[in-house]
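>>> attaching a predicted model along with its sequence, questions to come.
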Amino acid sequence: MLPQFNKPIHQAFGMHDSPSMRFALVRYGGGVIQMSGSIAGDTFARNRSGNYSRARTKPVNPNSAGQNAVRSALTELTTRWAQTLTALQRAAWNLYAANVAMKNRLGEVIYLSGSNHYIRSNSWLARLGLTIVDDGPVIFELPAKDPSFAITASEATQKISVTFDNTMDWASETGAWMELYQGQPQNAQRNFFAGPWRRVLAITGVDGAPPPSPHDAPVDFAISQGQHQWMYARIRRLDGRLSEPFRNDCYVGA
């Protein structure tokens, strides 16, 4: 029989709040059937082999230029949401958020807030110094993923060739693009990968002249023959809508 808690789970187990405490998502059934996140010194996650737990490690903060750029963009957008957007613009983002279903780490359907979507859609625009999309989208769905997305990689050229469907709507929309992120190359026997990632290219859409496929992307992490290489992409539409990520992997060729 499951215990009944009327307080956060970490307190129920005698753990104390701390600024560094991260909470785990838990799904209850006949017991705890799935868990994702961290409680105290344990991290819970899932891969293709099933659920697992490992000791939690605290990442080092190198205070890099990239990290500072992300923090600056989040600060800018949070302030802009509160102080620059009109009430009608915030209401439009809230309406979009209320109608767009997302999934959390347990695969459960959730709904983000309007400010979450505003920051999610504009974070890269802020980092690149591009025009921020303040008006909320009026189409209440995320851009579709590209099921044809595939990559090959070459040590000789130090490029990743990306195949995609250039008949999708974004490809013929000036101001839309597909963002590409290269994963850090891994040994050939590595089958799971969750980062780090670096943004390497945005393939832009053009009215009446969609970009050709395949398309070569430069690498930010140097690659060598035989390595296992991952890449993921997101599609961004002119109205600010941002797709969920979709990925592909390959082994680096000569």
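The structure has been received and is ready for your questions.
>>> now do stretch 118-135, average pLDDT.
For stretch 118-135, mean pLDDT is 92.
>>> neighbours of residue 124, how many?
By other CB atoms under 10 Å, 18 other residues sit near residue 124. (Glycine included, C-beta is placed from N, CA and C.)
>>> try residue 173
Neighbours of residue 173 (other CB under 10 Å): 18.
>>> and the helix ranked longest in the chain, what other elements does it pack with?
Determined from DSSP state H, the single longest helix within the chain is helix 65-83. In this structure, helix 65-83 makes packing contacts with helix 114-128, judged by 3 or more CB pairs under 8 Å, 6 or more residues apart in numbering; DSSP states H and E.
>>> coming back round to it: buried stuff in the longest helix of the chain?
The neighbour-count check on helix 65-83 (16 or more other CB atoms under 10 Å) flags 73, 76-77, 80-81 as buried.
>>> for the record, mean pLDDT for it?
Rounded mean pLDDT across helix 65-83 is 85.
>>> check which helices and strands the very next helix or strand once past that helix sits against.
Counting by DSSP states H and E, the next helix or strand C-terminal to helix 65-83 is helix 87-99. Where contact means 3+ CB pairs under 8 Å, 6+ apart, helix 87-99 is packed against helix 114-128.
>>> got the CA positions of the helix it packs on in CSV?
Provided in CSV are the C-alpha atoms of helix 114-128 (Å, rounded to 0.1, in the frame of the first residue of the first chain):
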residue,chain,number,x,y,z
GLY,A,114,2.4,31.8,-22.0
SER,A,115,5.7,33.2,-20.7
ASN,A,116,7.3,29.8,-21.0
HIS,A,117,6.4,29.7,-24.7
TYR,A,118,7.4,33.3,-25.3
ILE,A,119,10.9,32.6,-23.8
ARG,A,120,11.1,29.2,-25.5
SER,A,121,10.3,30.7,-28.9
ASN,A,122,12.5,33.7,-28.6
SER,A,123,15.6,32.6,-26.7
TRP,A,124,17.8,32.1,-29.8
LEU,A,125,16.5,35.2,-31.4
ALA,A,126,17.6,37.1,-28.3
ARG,A,127,21.0,35.4,-28.3
LEU,A,128,21.6,36.3,-32.0
